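Trainee: sequence unavailable; structure follows:
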């Protein structure tokens, strides 16, 4: 590559850094400005950080496995969701009225459903636009993420049978995430062919390259963490001006802000011809949220409440709430989110997603958005329950249709767990 071309790539990195600066300055000075303008400034900062995160993680693949690099991307990109949800859980622990509102569960379930209902179809749409192929095939290395996601989904789908998310759940789910991270680090990769700004970063000598990657990832993580909460706050305040309920704002508007970094990173990877890696990043993000995020909520709640009993934790039922059918509102939201997760796993059980399946993920997500108490009143819980059952029926149908792919998925996941995988991860084609 010519010196001039490298100069252009370094300039792109510089522009991404400059895009982050107004958000940093705004967060430090905290002036009183219009919420919509506030969201715009922080949104641009998050976009710049997403570019930096993508380039830094791609360059990191020179030194570590792609699976671990994607896991790091997913972890950093999902930090804003952790920050917002941890604050809501802590607030619920310190204020019984806040606990009754169920905002922490609302934010967690909204973020998870947005990730699958919008993030996965967006990556497929970009893939289809760029490649004109009707199926997106992911690497066999994604079998590990899908296996962990399946186990976590089976565990979480049983949580609504109880009234509390406890420290025992923390131990199980966080342990699952740690094991997943260790297993991912063992997956081998082919030699990486970097392009664009990542290639400029990768051209540096080993020590300088590694130092730059670490600095880039830390800077991007800092910008995302600093910008996500005020970005969400600006959107929520804007929503309040048009009389949207707080529960809906916390469940959908705030996660739309906090989930944007990971969706942007995956979309950028897809646009650069790495749709399989982009989808892999989103699958890894889902594993992150479905284990570590849920598992840390009881800890944040207990810090706020000061009660550290092993069976104490974040309540899923308000003391004054009327239970319709089987579940409270929070239990029903968790069950619906787990049912969507099961359907999504069934889509990828053969390690591929078709155009109808991508549309199904989006349409089923969009169709359940109006299933709220504001629209349906007391009947919303019953409708959500049967909608969840519908997801489970579709999941069973897809598993039956794609049953030929299940043995291969199990075999690949087992090979990766035992360190005997004889395949390498997807690289740029």
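Mentor: Cool, the structure landed. Bear in mind the structure is a predicted one, so any value in this text is a computation, not a measurement.

Trainee: buried sites along stretch 299-309?
Mentor: Within stretch 299-309, the residues that qualify as buried by neighbour count (16 or more other C-beta atoms under 10 Å) are 299-302, 304-305. (Each C-beta comes from the backbone N, C-alpha and C, glycine too.)

Trainee: now for those residues, which pair is the farthest apart?
Mentor: When these are compared pair by pair using C-beta to C-beta, the farthest-apart members prove to be 299 and 305, with a separation of 11.0 Å.

Trainee: for residue 44, what are its contacts?
Mentor: Listed by C-beta atoms under 8 Å, 6 or more residues apart in numbering, the contact set of residue 44 reads 19, 22-23.

Trainee: ugh, wrong one, I meant residue 221
Mentor: The contact partners of residue 221, taken as C-beta under 8 Å, 6+ apart, are 49, 53, 76, 79.

Trainee: and the helix or strand hosting the second one, what's buried?
Mentor: Right, the one you point to is residue 53. For residue 53, the enclosing helix or strand under DSSP states H and E is helix 35-60. The neighbour-count check on helix 35-60 (16+ other C-beta under 10 Å) flags 35, 38-39, 41-60 as buried.

Trainee: average pLDDT across it?
Mentor: Predicted confidence along helix 35-60 averages 81 (mean pLDDT).

Trainee: renumber starting at 54 from here on
Mentor: Sure thing, new numbering starts at 54, so read that last one as helix 88-113.

Trainee: can you redo the contacts of residue 97 as a markdown table with distance to residue 410?
Mentor: Putting the contacts of residue 97 into a markdown table (distance: C-beta to C-beta, whole Å) gives the following:
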| residue | distance to residue 410 |
| --- | --- |
| 72 | 35 |
| 75 | 40 |
| 76 | 36 |
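
Trainee: distance of the residue nearest the centre of the chain from residue 161?
Mentor: With distances taken as C-alpha atoms, centre = their mean, residue 338 lies nearest the centre of the chain, 3.9 Å away. Residue 338 sits 13 Å away from residue 161, going by C-beta to C-beta, to the nearest Å.

Trainee: same deal with residue 319?
Mentor: According to C-beta to C-beta, residue 319 stands 20 Å off from residue 161.

Trainee: neighbour count: those two, which is higher?
Mentor: Under the criterion of other C-beta atoms under 10 Å, the comparison of residue 319 against residue 161 puts residue 319 first, with 33 against 29.

Trainee: confidence score at the more buried one?
Mentor: Predicted confidence (pLDDT) for residue 319: 84.

Trainee: that one belongs to a helix?
Mentor: Yes - the secondary structure assignment for residue 319 places it in a helix, going by DSSP: H, G, I helix; E, B strand; the rest coil.

Trainee: can you pull the contacts of it?
Mentor: With contacts taken as C-beta under 8 Å, 6+ apart, residue 319 has the following neighbours: 172, 175-176, 331-332, 334-335, 338.

Trainee: quick one: contacts of the helix or strand hosting residue 434?
Mentor: In this structure, residue 434 is located in helix 433-454 according to DSSP H and E. When contacts are defined by C-beta under 8 Å, 6+ apart, helix 433-454 is touched by residues 376-382, 385-386, 388-389, 391-393, 395-396, 398-400, 402, 410, 413, 417, 421, 424-426, 429, 459.

Trainee: tell me which residues of it come out buried.
Mentor: Neighbour counts over helix 433-454 (16+ other C-beta under 10 Å) mark 433-438, 440-441, 444-445, 447-448, 451-452 as buried.

Trainee: just the residues contacting the helix or strand where residue 419 lies, thanks.
Mentor: Element membership of residue 419 [criterion: DSSP H and E] is helix 408-421. Counting contacts by C-beta under 8 Å, 6+ apart, the residues outside helix 408-421 that touch it are 166-167, 169-171, 173-174, 177-178, 181, 187-189, 389, 393, 396-397, 400, 437, 440, 444, 447, 451.

Trainee: in strands only, show me those residues.
Mentor: With DSSP state E as the criterion, strands contain 188-189 from among the contacts of helix 408-421.

Trainee: hmm, back to that, who wins for neighbours among the contacts of residue 97?
Mentor: In terms of neighbour count, residue 76 stands highest of the contacts of residue 97 at 25 neighbours, by other C-beta under 10 Å.

Trainee: residue 92 is in contact with that one, correct?
Mentor: No - shown here, residue 76 and residue 92 do not form a contact pair, counting by C-beta atoms under 8 Å, at 10.6 Å.

Trainee: follow-up on the earlier one: now the angle from the helix holding residue 434 to helix 408-421?
Mentor: Note on geometry: by axes from the mean of the first three to the mean of the last three C-alpha atoms, to 10 degrees, helix 433-454 and helix 408-421 are set 170 degrees apart in direction.

Trainee: after helix 433-454, which helix or strand is next?
Mentor: helix 459-470.

Trainee: for that next one, what is the average pLDDT?
Mentor: Along helix 459-470, the predicted confidence averages to a pLDDT of 82.

Trainee: now residue 297, what are its backbone angles?
Mentor: Backbone dihedrals for residue 297, given as degrees, to the nearest 10, come out at phi -90, psi 140.

Trainee: shouldn't residue 367 be within a strand?
Mentor: Yes - with three-state DSSP as the criterion, residue 367 is part of a strand.

Trainee: what is the neighbour count of it?
Mentor: When counting by other C-beta under 10 Å, one arrives at 28 neighbours for residue 367.

Trainee: for it, list the residues it contacts.
Mentor: Under the contact definition (C-beta under 8 Å, 6+ apart), the residues listed for residue 367 are 142, 145-146, 152, 157-158, 217-218, 350-351, 354.

Trainee: among the residues you listed, name the ones in helices.
Mentor: The helices, defined by DSSP state H, take in 142, 145-146, 152, 157-158, 350-351, 354 from the contacts of residue 367.

Trainee: biggest separation within those residues, which pair?
Mentor: Longest distance between any two of the ones in helices among the contacts of residue 367 is 13.2 Å, between 146 and 158; criterion C-beta to C-beta.

Trainee: distance of residue 189 from residue 417?
Mentor: Between residue 189 and residue 417 the computed distance is 18 Å (C-beta to C-beta).

Trainee: and residue 113, by the same measure?
Mentor: 35 Å.

Trainee: and residue 174, how far is that from residue 440?
Mentor: Residue 174 is 19 Å from residue 440, by C-beta to C-beta.

Trainee: repeat that for residue 272.
Mentor: Computed as C-beta to C-beta, the residue 272 to residue 440 distance reads 42 Å.

Trainee: count the neighbours of the closest residue to residue 308 other than its chain neighbours for me.
Mentor: In this structure, residue 308 finds its nearest non-sequential neighbour in residue 164, 3.8 Å apart by C-beta to C-beta, 6 or more residues apart in numbering. Per other C-beta under 10 Å, the neighbour tally for residue 164 reads 28.
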